[in-house]
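J.: can you look at this prediction? I've put the sequence above it.
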Amino acid sequence: MSGHSHWATIRRKKEAADSKKGQIFTKFIREIIVAAKAGGGDPETNARLRTVVEKAKAVNMPVDNIKKAIMKGTGELPGVVYEEITYEGYGPGGVAMLIKVTTDNKNRSAADIRTIFSKNGGSMASLGSTAWQFEQKGYFSIPKETIDEDTLMEIALDAGAQDIKNEKDGYDVITEPSNFEKVKKAFDEKGIKYTSAEITMIPKSYVKLDGKDAEQMLKLMSSLDENDDVQNVYANFDIPDDVMEKINANI
């Protein structure tokens, strides 16, 4: 999972850069609207909304923007109606992919995603082709300077975490979705800082990539991330960290 974890680090850096230009705010506004519409406008009782609001604040999205997005989701303010769609596909080397989209025009989104795939060595797939290769899990990324592995393992497992992985950039803590909030609360109470905390899709197995396939895969991921309609991209690739770092310089 090391290569995939390293991509998550790259993506966070890209989001931080995009936030300075306001580009990432568009995605968060859409996600906040959808979350508020589905579960209400109170982050205390809407876990999905609480998670995305925390992520939006982490990239310095103005509080007023967040408030207005929530009000659009609850219907207190007029706004665009967004639809959530999941596309499936294959990347270079046969990598399985899931693309979560929030859009006001599904025909436009489908055409855009198909074009991005075709330009970057991938292809769209029919519904159900790749989804079975992923599991929904809670996920935390914790920097190594925050805590030692033994202490983290004790706290995480006591709170109901399923697994802790020691990666190059930090620790990955995996939970069942039902235990995500419990583990998050335990980390918050102990002052354990995390760079990522979300309900995500974790691959059941990984496809190792190198060379041209690895380069194309990262370009595909980057191109999808840059599309305003795309909220999340999940893929089961594993690229060695040294290869990832070399390629990232050219993305």
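T.: Everything's here; your move. Just so we're clear, the structure is a prediction, and the values are computed from it rather than from any experiment.

J.: number of nearby residues for the nearest residue to Thr45 once chain neighbours are set aside?
T.: Distance criterion Cβ to Cβ, 6 or more residues apart in numbering; nearest residue to Thr45, sequence neighbours excluded, is Gly39 at 7.6 Å. Backbone N, C-alpha and C define where each C-beta goes, glycine included. Other residues near Gly39 number 16, with proximity taken as other Cβ atoms under 10 Å.

J.: what sits against Gly39?
T.: Contacts for Gly39 (Cβ atoms under 8 Å, 6 or more residues apart in numbering) come out as Thr45, Asn46, Ala47, Arg48, Leu49.

J.: most neighbours among the residues you listed, which one?
T.: Highest neighbour count within the contacts of Gly39: Leu49, with 27 neighbours (other Cβ under 10 Å).

J.: how near is the nearest residue to that one once chain neighbours are set aside to Ala156?
T.: Nearest residue to Leu49, sequence neighbours excluded (Cβ to Cβ, 6+ apart): Ala35, at 4.1 Å. Per Cβ to Cβ, to the nearest Å, Ala35 is found 26 Å from Ala156.

J.: same question, Leu218
T.: 30 Å.

J.: helix, strand, or coil at Gln136?
T.: Secondary structure, DSSP: H, G, I helix; E, B strand; the rest coil: Gln136 is strand.

J.: any idea how many residues pack against it?
T.: By other Cβ under 10 Å, 11 other residues sit near Gln136.

J.: check Asn107 too.
T.: 8.

J.: that one: which element?
T.: helix 106-119 (DSSP states H and E).

J.: what is that helix packed up against?
T.: Contact here means 3 or more Cβ pairs under 8 Å, 6 or more residues apart in numbering; DSSP states H and E; on that basis helix 106-119 packs against strand 83-90, strand 96-103, strand 123-125, helix 211-225.

J.: for the second one, which strands pair with it and how are they oriented?
T.: Going back to what we said before, that points to strand 96-103. Strand 96-103 pairs in its sheet with strand 83-90 (antiparallel), strand 230-235 (antiparallel), by DSSP bridges.
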